[in-house]
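S.K.: Pasting the sequence and the predicted coordinates here, then a few questions.
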Amino acid sequence: MKNLETKRYLLRRPKEEDAEEIYEKWGRDTEKVAEYEEHNVHKNMIETRGILNAAIKESEFGTPTWFVEEKETNTIIAYIKVLAVSEKDKKCEITFYFIENWRKNSAPEEVLEELIRYLFTEHPFEIVIKKFYDRSKEDTECISGILERIGMKKEGVLRNRMINKKGEKINRLVYSILKEEWENY
């Protein structure tokens, strides 16, 4: 896995020194994101360091994780992880989380476009997939908008894929982009 770069952002490997910033930004889960995303609430800094060290090791052994850092301020604004890689089927799934103040300023589009370029040009992937839970109208519209602006298409809705702490049934949405769509986008 190599570092990637856009005009305003650096996608880089996680480092042990990132622990405090990570804990403050999303480890404490002030938005209750962990209930709907792939990460869990961190109980304390020790757990954050353990999760961070696991991400560093996973990146070394084939599950790439990038922290997205704004170049101007050296502030971490997001993480991106490539999951569910199938070399046989030439597909991968991505997950990402952008800090709230960075979701609506074109940062996600700029970063994800670079990631998809990298996945299609430097790997044999033919499809990139993103799944997410329909946790709120505002959040779903935000994520769907980001994905559609970078050329991804909604494939479908996996109905009632989670029951949250309130007992509500939550759908999961599936988006993807094919390599040939990306090449013509």
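M.R.: Alright, I've got the coordinates.
S.K.: List the beta-bridge partners for the most centrally placed residue in the chain.
M.R.: Taking CA atoms, centre = their mean, the centroid of the chain lies closest to F96, which sits 1.0 Å from it. Legend: beta-bridge partners of F96 under DSSP bridges are I80.
S.K.: Now for it: which residues touch it?
M.R.: By CB atoms under 8 Å, 6 or more residues apart in numbering, the residues touching F96 are 78-81, 108, 112, 130. Backbone N, C-alpha and C define where each C-beta goes, glycine included.
S.K.: Pull up the gap between it and K169, please.
M.R.: F96 is 25 Å from K169, where distance means CB to CB, to the nearest Å.
S.K.: any idea whether G151 is helix, strand or coil?
M.R.: With DSSP: H, G, I helix; E, B strand; the rest coil as the basis, G151 sits in coil.
S.K.: For it, list the residues it contacts.
M.R.: By CB under 8 Å, 6+ apart, the contact list for G151 reads 116, 177, 181-182, 185.
S.K.: switch the cut-off to 10 Å
M.R.: If you count contacts by CB atoms under 10 Å, 6 or more residues apart in numbering, G151 has them with 112-113, 116, 128, 175, 177-178, 181-182, 184-185.
S.K.: And the lowest mean pLDDT element among the helices and strands of this protein?
M.R.: helix 45-60 (a mean of 83; mean pLDDT, DSSP states H and E).
S.K.: Packing partners of that helix?
M.R.: Judged by 3 or more CB pairs under 10 Å, 6 or more residues apart in numbering; DSSP states H and E, the packing partners of helix 45-60 are helix 19-22, strand 65-70, strand 75-86.
S.K.: can you tell me which of those the model trusts least?
M.R.: Mean pLDDT per stretch puts helix 19-22 lowest among the helices and strands packed on helix 45-60, at a mean of 86.
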